[in-house]
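fold the following.
(2 chains)
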There are 2 protein chains.
Amino acid sequence: MGAGATARCAAIIGTGLIGQGWAIVFARMGWEVRLYDVNAAMLAEARTLILQQLRELEAQGLLDGAQAIIQRVHAAGSLQDALAGASYIQENSPEKVEVKRALFSELDALAEPHAIIGSSTSSIPASQFTEHLAGRQRCLVAHPVNPPYLIPVVELCPAPWTSEEALQGARAVMTAIDQKPVLVRKEIEGFILNRLQGALLQEAFRLAAEGIASAEDIDTTVKDGLGLRWSFMGPFETIDLNAPGGIADYCARYGGLYQSIGATQGECVAWDGQLVAALSDERRSLLPQEDLAKRRFWRDEKLMRLMRHKQDNGDING
Amino acid sequence: MGAGATARCAAIIGTGLIGQGWAIVFARMGWEVRLYDVNAAMLAEARTLILQQLRELEAQGLLDGAQAIIQRVHAAGSLQDALAGASYIQENSPEKVEVKRALFSELDALAEPHAIIGSSTSSIPASQFTEHLAGRQRCLVAHPVNPPYLIPVVELCPAPWTSEEALQGARAVMTAIDQKPVLVRKEIEGFILNRLQGALLQEAFRLAAEGIASAEDIDTTVKDGLGLRWSFMGPFETIDLNAPGGIADYCARYGGLYQSIGATQGECVAWDGQLVAALSDERRSLLPQEDLAKRRFWRDEKLMRLMRHKQDNGDING
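Predicted structure coming up:
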């Protein structure tokens, strides 16, 4: 931490949905939060929107004292004011490399000397927007899932020049605020989460394209099948427990089957044209367009109840 | 139903873990269950093992009256006795095509005329062991996940000659016992569930092989990230809700990213040698070999609590 930096003070730069989510994650764990957005209108309404979400979490029994928590969240009058004293900075600007390059130049110039700077980008490696910086060793990707206050994983992906100190510092920050940091050791498109999701989605699109199953039945196979175990165990632990001798035994027993299946999963199906039209028709028959927003509330309430269930079962740090 | 068949009477042929699970699924919904196994020792202990599992479910608040339920489960003295009067038959023999061919010959010869015969096979298409039967039109795969009383999805996969009547009959049976049937429209290796799991596992092995992430971090990415939503929404509903305009909008926005990722996911990594040794070493450092059995109890208890949570939230038929 620099001379001027305060432990447990975070600057959230960019106050759209993801920025608001980060503010909640930090503030509910007792951190001071400074908000800044170049869009003055967005910045002006950010605290109100954050308070709404805090109250919803309070109503679901996921936190106490929404009113006290929002007192720790401040809208800053300038980028400089937001960064002054912050030991950790989370950037949430649009997914455009030139926007991030310019913004990171400002952040690196204005931040406290030893502040760590994380980017919420889901698709741009840190090396593409930090190479030119004097302080590039303190920059990395810290990719959350939306909303971060309900889905705790954060992918930490350093650039080749990110220092071990900055990486460990970012990991310590994420652990301190009860998120679940994972390390992406090399820069790779999609990091870990979207690569795993993409692999499953590719097979889902392939099964639909080949007429093997409806989108509804593919969804049922996950939500009433695979997804149950995956909500508390990862794929490796799952197979480790699914053979008497553990994962090595599982690979010996079933590796051949999965290799044979895998040999038919190499070709990507394009996500366009008639296939997407048919999938969209099926989804719209199950959920009309005008009900999408309502269903997103349903999803968030489901997630809140699931998190409450996991808390009650002592899973949060398990 | 044939003259002699009784509604809500099921024969469970093969009384290992999967057969026991099926017995619970039927009996807890009020069906009469007849057990049979060529292995007399297995058959002799089946009811005791089923009762143990029923009591565990009762202790977790997932059912009432284990003692009354086990009264509906009977060990039959012969295959013929097991099948007499059964309107639905579930076969759970070893995964060997010649074993299933011979057993299905017996089942088709002895079963009530209109009884439906489902196989629990996870890897052998029904066409490979039913082609020669006079009653092949009433046979199909009904692939459960273990344990079926906690993971409700059942993959129904007809052979080309399975009748629509038998398919719809099997679907009606599965719905009646509160399982979640999905239809695999064409015979394909791995059906739906293992193809989806395989696609995700292939990427998990690939990330580990390329040194991108540890097995532990890949597991965290699923259990504290992707798997939370997937425990109540499938992959299509997930992306449908993740873009303002629904799935078509999502595909337009992110299809390019996933195609680009997908282009690097075509090659399969072999599940053997140093890779599996390294993964096994990591798993055994997290969970020693001697703790595997204990951890399976932990998993089943987690699943039971999750099912209870879903029941409490009205998800079971949602």
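
count of residues packed around residue A:132?
Using other C-beta atoms under 10 Å in any protein chain shown, residue A:132 has 10 neighbouring residues. Yep, even glycine has a C-beta here, placed from its N, CA and C like the rest.

please tell me I have it right and it contacts residue A:108.
No - the pair residue A:132 / residue A:108 is not scored as a contact, 9.3 Å apart, by C-beta atoms under 8 Å.

for residue A:98, what is the enclosing helix or strand?
In this structure, residue A:98 sits in helix A:97-110 according to DSSP states H and E.

again with residue A:254
Counting by DSSP H and E, residue A:254 is found in helix A:247-262.

okay, that helix in PDB with CA atoms only?
Extracted in PDB, the C-alpha atoms of helix A:247-262 (Å, rounded to 0.1, in the frame of the first residue of the first chain):
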ATOM      1  CA  ILE A 247     -10.300 -39.900 -10.800                       C
ATOM      2  CA  ALA A 248      -7.500 -42.200 -12.200                       C
ATOM      3  CA  ASP A 249      -9.900 -45.100 -11.900                       C
ATOM      4  CA  TYR A 250     -12.700 -43.100 -13.600                       C
ATOM      5  CA  CYS A 251     -10.400 -42.100 -16.500                       C
ATOM      6  CA  ALA A 252      -9.400 -45.800 -16.900                       C
ATOM      7  CA  ARG A 253     -13.000 -46.900 -16.900                       C
ATOM      8  CA  TYR A 254     -14.700 -44.100 -19.000                       C
ATOM      9  CA  GLY A 255     -11.900 -42.300 -20.800                       C
ATOM     10  CA  GLY A 256     -12.500 -44.400 -23.900                       C
ATOM     11  CA  LEU A 257     -16.200 -43.600 -24.000                       C
ATOM     12  CA  TYR A 258     -15.500 -39.800 -23.600                       C
ATOM     13  CA  GLN A 259     -12.700 -39.900 -26.200                       C
ATOM     14  CA  SER A 260     -15.100 -41.600 -28.600                       C
ATOM     15  CA  ILE A 261     -17.800 -39.000 -27.800                       C
ATOM     16  CA  GLY A 262     -15.200 -36.200 -28.100                       C
END
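
report all helices and strands that it contacts.
If contacts are counted by 3 or more C-beta pairs under 8 Å, 6 or more residues apart in numbering or on different chains; DSSP states H and E, helix A:247-262 sits against helix A:235-240, helix B:193-209, helix B:273-286.

please compute how far that helix lies from its chain's middle.
31 Å (C-alpha atoms, centre = their mean, to the nearest Å).

residues near residue A:14, how many?
Considering only other C-beta under 10 Å, residue A:14 is surrounded by 26 other residues.

which non-adjacent residue is nearest it?
residue A:92 (3.4 Å; C-beta to C-beta, 6 or more residues apart in numbering or on different chains).

isn't that neighbour up against residue A:16?
Yes - using C-beta under 8 Å, residue A:92 makes contact with residue A:16 at a distance of 6.3 Å.

per the record, what domains does chain A have?
Taking automatic domain parsing as the domain assignment, the ranges for chain A are A:6-183, A:193-286.

re earlier: buried sites along the helix holding residue A:254?
For helix A:247-262, the buried set under the neighbour-count rule, 16 or more other C-beta atoms under 10 Å in any protein chain shown, comprises A:247-251, A:254-255, A:257-259, A:261-262.

state the distance from the residue nearest to residue A:303 when sequence neighbours are not counted to residue A:21.
Leaving aside its chain neighbours, residue A:303 sits nearest to residue A:150 (4.4 Å; criterion: C-beta to C-beta, 6+ apart). From residue A:150 across to residue A:21, the span is 9 Å (C-beta to C-beta, to the nearest Å).

what of residue A:166?
Counting by C-beta to C-beta - residue A:166 and residue A:21 are separated by 22 Å.

need the helices for chain A, in chain order.
Counting by DSSP state H, chain A has helices at residues A:17-27, A:40-59, A:66-70, A:79-83, A:97-110, A:127-130, A:164-176, A:193-209, A:215-221, A:227-230, A:235-240, A:247-262, A:273-286, A:292-312.

need the ones you listed in a markdown table (columns: mean pLDDT).
Listed next are those as a markdown table, based on pLDDT from 0 to 100:
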| stretch | mean pLDDT |
| --- | --- |
| helix A:17-27 | 97 |
| helix A:40-59 | 96 |
| helix A:66-70 | 97 |
| helix A:79-83 | 98 |
| helix A:97-110 | 98 |
| helix A:127-130 | 98 |
| helix A:164-176 | 98 |
| helix A:193-209 | 98 |
| helix A:215-221 | 98 |
| helix A:227-230 | 98 |
| helix A:235-240 | 98 |
| helix A:247-262 | 95 |
| helix A:273-286 | 98 |
| helix A:292-312 | 94 |
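
mind putting the ones you listed into CSV with distance to residue B:298?
Shown next, in CSV, are the helices of chain A (distance: least, C-beta to C-beta, whole Å):
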stretch, distance to residue B:298
helix A:17-27, 28
helix A:40-59, 28
helix A:66-70, 34
helix A:79-83, 45
helix A:97-110, 43
helix A:127-130, 41
helix A:164-176, 23
helix A:193-209, 23
helix A:215-221, 25
helix A:227-230, 12
helix A:235-240, 10
helix A:247-262, 17
helix A:273-286, 35
helix A:292-312, 14
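
tell me which of those sits nearest to residue B:227.
helix A:227-230 (3.2 Å; C-beta to C-beta).

which residues touch that closest one?
With contacts defined as C-beta atoms under 8 Å, 6 or more residues apart in numbering or on different chains, helix A:227-230 is touched by A:238, B:150-151, B:222-223, B:226-227, B:229-232, B:234, B:299, B:303, B:306-307.

let me know the pLDDT of residue A:116.
Residue A:116 carries a pLDDT value of 98.

okay, and the beta partners of it?
Judged by DSSP bridges, the bridge partners of residue A:116 are residue A:88.

count of residues packed around it?
Neighbours of residue A:116 (other C-beta under 10 Å): 30.

hmm, residue A:172 and it touching each other?
No - Residue A:116 is beyond contact range of residue A:172, at 9.4 Å (criterion: C-beta under 8 Å).

ramachandran coordinates for the nearest residue to residue A:126 once chain neighbours are set aside?
Counting by C-beta to C-beta, 6+ apart, residue A:126 lies nearest to residue A:159, which is 4.0 Å off, once chain neighbours are set aside. Residue A:159 adopts backbone torsions of phi -80, psi 170, taken as degrees, to the nearest 10.

what sits against residue A:159?
For residue A:159, the contacting residues are A:125-127, A:130-131, A:136, A:139-140, A:187, by C-beta under 8 Å, 6+ apart.
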